[in-house]
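J.: Predicted model follows, preceded by the sequence.
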Amino acid sequence: MTALQDLLELQAGSRLTGVAVLPLAHEVSDGTGQVVLQVAVGLSESSDVAVQAVSRFLSRCVLAINGKQADGSEWFATFQYVETGDDPDQLYDISYDMLDRALTLTGVEADDVWGHVLGWSDLHAIYASYAVGGIVDWSTLDLAIGLVVTLTQGDLATLVPLVDGAEGDAPDEGRDATTYEATDPRERSAGRRRRFDVLLRQWAATYDGPDAQEW
């Protein structure tokens, strides 16, 4: 089980069927913000339809994933990014209200919603709990995207060197050797996100087959 599977708290045997990296994710460069992860289950609509509709009303949404639980019910999860260091409880309440409004506006009903507020230190601790190092210059959003990619690529110990290691360890598509030698954190982050995109595109072509997408 991956770290994100633990956070999602879905039924054993649940399945991932969709991943979307929204435009805002490519604009965020700050490394110290917070991510609000919210999970909605028991949807009244297909999760593909629901997450696309709802995410349009979440101005701070950077990532969205969706799928089916073992009992056949639909679920989605959104990741809203906030650059400030607001109180986590207050931040979650605000984000919950935004999601509730988005559900109302789109006519999507959910049996339950829950989530977590994750800052850089929280995400770093998750990686550290899996004995994964070498991520000091990863931003909050890099760490969050990394967790999503592990749902498609396996564990964190495999992922980190794949996207941030030596050039020969990187995905073939979109490889740019200069990103491995760059000292500017923003350049390294941009290269990292390009490699994340490559991995997600590779998964998207075969997502309905691999057993790894079920937990």
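T.: Perfect, thanks for sending it. Residues are numbered from 1 along each chain as shown.
J.: so where do the helices sit in the chain?
T.: Counting by DSSP state H, the chain has helices at residues 3-8, 47-55, 88-106, 120-129, 140-153, 156-164, 178-181, 185-204.
J.: Low-confidence stretches in this protein?
T.: Counting by pLDDT under 70, the chain shows low-confidence ranges at 1, 29-30, 85, 165-183, 207-215.
J.: Please report how far Ala64 lies from Asp48.
T.: Noted for Ala64: a distance of 10 Å to Asp48, by C-beta to C-beta, to the nearest Å. For the C-beta atoms, the positions are set from N, CA and C on the backbone; glycine is no exception.
J.: nope, Gln202 is what I meant
T.: Counting by C-beta to C-beta, the gap from Gln202 to Asp48 is 20 Å.
J.: Check Gly154 too.
T.: Separation of Gly154 from Asp48 (C-beta to C-beta): 24 Å.
J.: Compute the number of surrounding residues for Gly107.
T.: A count of nearby residues for Gly107, using other C-beta atoms under 10 Å, gives 10.
J.: Same question for Trp75.
T.: Burial measure for Trp75: 27 neighbouring residues, criterion other C-beta under 10 Å.
J.: Next, find the distance separating the nearest residue to it once chain neighbours are set aside from Ile65.
T.: Counting by C-beta to C-beta, 6 or more residues apart in numbering, the nearest residue to Trp75 once its immediate chain neighbours are dropped is Val41, at 4.5 Å. Distance of Val41 to Ile65, given as C-beta to C-beta: 13 Å.
J.: Over to Leu7?
T.: Distance, Leu7 to Ile65, by C-beta to C-beta: 11 Å.
J.: More neighbours: the two, which one.
T.: Comparing Leu7 with Ile65 by neighbour count (other C-beta under 10 Å), the higher total belongs to Ile65, at 23 against 17.
J.: which residues does the residue lying closest to Asp89 once chain neighbours are set aside contact?
T.: For Asp89, ignoring the flanking residues on the chain, the nearest one in space by C-beta to C-beta, 6+ apart is Val117 at 7.9 Å. Each residue near Val117 by C-beta atoms under 8 Å, 6 or more residues apart in numbering is listed here: 34-37, 88-89, 91-92, 95.
J.: ditto for Ala70
T.: With C-beta under 8 Å, 6+ apart as the criterion, the residues that contact Ala70 are 11-14.
J.: likewise Leu123?
T.: Residues counted as contacts of Leu123 (C-beta under 8 Å, 6+ apart) are 35, 140, 143-144, 147.
J.: now, the most widely separated pair of those?
T.: Using C-beta to C-beta, the two most remote members of the contacts of Leu123 are Thr140 and Leu147, lying 11.2 Å apart.
J.: what about Thr158, neighbour count?
T.: Here the neighbour count serves as a burial measure; for Thr158 (other C-beta under 10 Å) it reads 11.
J.: His116 bridge partners, please.
T.: Leu37 (DSSP bridges).
J.: just to revisit the earlier point, tell me which of Ala64 and Asp48 has more neighbours.
T.: Ala64 (23 against 15).
J.: Hmm, the more buried one is touching Gln80, no?
T.: No - taking contacts as C-beta atoms under 8 Å, Ala64 lies outside contact range of Gln80: 9.9 Å.
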